[in-house]
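Trainee: I'll drop the sequence and a predicted model, then ask my questions.
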Amino acid sequence: MESAAENPAGRGWEVPAEHAARFSWEYDSGRSRLLSLYQKGKDKQWDATERIDWSQTIDPGNPLGVPDELLPIYGSRTWDRIGRDEQELRRARQHFAGWQFSQFLHGEQGALITTARIVESVPDLDSKFYAATQTMDEARHVETFTKLLDQVGVTYPINPQLQELLNQTLRDSRWDMAYLGMQVLIEGLALAAFGTLRELCQTQLPKQVLAFVMQDEARHVAFGRLALKDAYADLTAAERADREEFVVEACYLMRDRLRQREMWEALDYDVADCMEYAENSPAWQFYRNSLFTRIVPCIRDIGLWGDTVQKAYADMGVLDYAGVNIEGLMAQDEVIAESLDTRQADGARVAEVEETIAVGVSV
């Protein structure tokens, strides 16, 4: 698998952190909704080597099978230069998918490490239970995206803005900041990005990967939302203001991540033209804003909804997402994943019948 750019952090990255490991001696029943999520987390464990049909192949020159109009530089001066060169178009499509899935992969490893931190640091036993199931989920997601990227054929280092957000989340010693940074913000953005690609993708393998991972991630965001809603009910004004400031900074970081500078540099395109065009393209602005559909209503629901946050979301053009029905989106994620399971099982049965018929004919 080709590495499109050198990783400035080398082969690894160490984040110094100080936090307390918390034990709980209260082995009572806990909160029913969190325990329900814990039960669902146990019930919904799956094996990536069995649930996903890895015999399916993808075309590295168009891994997602999406129209070129969806590429962020479609219509730019750079596009005018490369648009008639099929080999260069195949390279651009491959790098676009490689960059997207690489950032998903790095985010999943961040979630794996952060969730392990939550098991250790969160004070409530019911939260430790659920976080333990999520840790297994995140390991499976790292495995799954690694396998998918092997077929795409191009990988990228972690994006600087994502790395900075992970750095801030992991270095903070307060247990709730791991929830806020990872469960609500990073996972919320990932869910929306996965969902957009899942709907647009015309290639079965990445579509399956995205749908099955989303089925887990929807529970993870629900976990952070439930836990923080309880915890933040008693924040002081100063504590609430501090967390709202973190939310605003993190959301701008995540928005800026989508400018993809390192991809344009690796492709040796006109970086200024690509970034300016993607920044001002109505289609790409819509896509970028839609990635906050899960974050904004969640932030409102957990009570971090002061003037500073609302002003920032208005500036970003995403304030109207506050009214999105998160529960409805989660239910839809579940239905789509289960339908892909059914479709794959039906296909396997058809193939088995056809193989049996072929054997009978040959006798």
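Mentor: Structure's in. What do you need? Residues are numbered from 1 along each chain as shown.
Trainee: L112 is in contact with T135, isn't it?
Mentor: Yes. Using Cβ atoms under 8 Å, L112 is in contact with T135, at 6.5 Å. (C-beta placed from N, C-alpha, C; glycine too.)
Trainee: got a list of what the residue lying closest to R77 once chain neighbours are set aside touches?
Mentor: Once flanking residues are discounted, R77 sits nearest to D273: 5.2 Å by Cβ to Cβ, 6 or more residues apart in numbering. By Cβ atoms under 8 Å, 6 or more residues apart in numbering, the contact list for D273 reads I73, S76, R77, T78.
Trainee: for I302, same thing?
Mentor: Counted by Cβ under 8 Å, 6+ apart, I302 has contacts V184, R225, L228, K229, Y232.
Trainee: Try it again at 7 Å.
Mentor: Residues near I302 by Cβ atoms under 7 Å, 6 or more residues apart in numbering: R225, L228, K229, Y232.
Trainee: So the spatially most central residue of the chain: helix, strand or coil?
Mentor: To find the centre residue of the chain, average its C-alpha atoms and take the closest one (Cα atoms, centre = their mean): that gives A190, at 2.3 Å. Going by DSSP: H, G, I helix; E, B strand; the rest coil, the secondary structure assigned to A190 is helix.
Trainee: Tell me how many other residues crowd the spatially closest residue to it that is not a sequence neighbour.
Mentor: The shortest distance from A190 to any residue other than its chain neighbours is 5.6 Å, reached at G107 (Cβ to Cβ, 6+ apart). The tally of other residues near G107 (other Cβ atoms under 10 Å) stands at 25.
Trainee: Assign the closest residue to S76 other than its chain neighbours to helix, strand or coil.
Mentor: Taking Cβ to Cβ, 6+ apart, and ignoring the residues beside it in sequence, S76 has Y277 as its nearest neighbour in space, at 3.7 Å. At Y277, secondary structure determined by three-state DSSP is helix.
Trainee: mind checking how far the residue nearest to R77 is from V209?
Mentor: 32 Å (Cβ to Cβ, to the nearest Å).
Trainee: go on, D242?
Mentor: Taking Cβ to Cβ, one finds D242 at 37 Å from V209.
Trainee: Settle it for me: which of these two has more neighbours?
Mentor: Neighbours were tallied for D242 and for V209 using other Cβ under 10 Å; the higher tally belongs to V209 (25 against 13).
Trainee: what secondary structure does the more buried one sit in?
Mentor: Following three-state DSSP, the label given to V209 is helix.
Trainee: tell me the contacts of it?
Mentor: Counting by Cβ under 7 Å, 6+ apart, V209 touches I52, T144, L148.
Trainee: which residues sit in contact with the second one?
Mentor: Taking Cβ under 7 Å, 6+ apart as the criterion, T144 is in contact with A48, I52, V209, V213.
Trainee: L200: which of the residues you listed is nearest?
Mentor: Distance from L200 was checked for each of the contacts of T144 by Cβ to Cβ. The minimum falls on V209, at 14.1 Å.
Trainee: Model confidence score at that closest one, please.
Mentor: In this prediction, V209 carries a pLDDT score of 96.
Trainee: What of A351?
Mentor: Residue-level confidence at A351 comes out at 45, pLDDT.
Trainee: what does A9 give?
Mentor: For A9, the model assigns a pLDDT of 58.
Trainee: distance of the residue nearest to the centre of the chain from S32?
Mentor: The separation that A190 has from S32, given Cβ to Cβ, amounts to 27 Å.
Trainee: so where is the protein shaky, pLDDT-wise?
Mentor: Low-confidence segments of the chain (pLDDT under 70): 1-2, 5-10, 343-363.
Trainee: Can you list the residue ranges for strands in it?
Mentor: Under the criterion DSSP state E, the chain carries strands at the ranges 2-3, 154-155.
Trainee: neighbours around the closest residue to G181 other than its chain neighbours, how many?
Mentor: The spatial neighbour of G181 that comes closest, neighbours along the chain excluded (Cβ to Cβ, 6+ apart), is T169 at 3.1 Å. A count of neighbours around T169, defined by other Cβ under 10 Å, yields 25.
Trainee: Surely T169 and W175 touch.
Mentor: No. Judged on Cβ atoms under 7 Å, T169 makes no contact with W175 at a distance of 11.5 Å.
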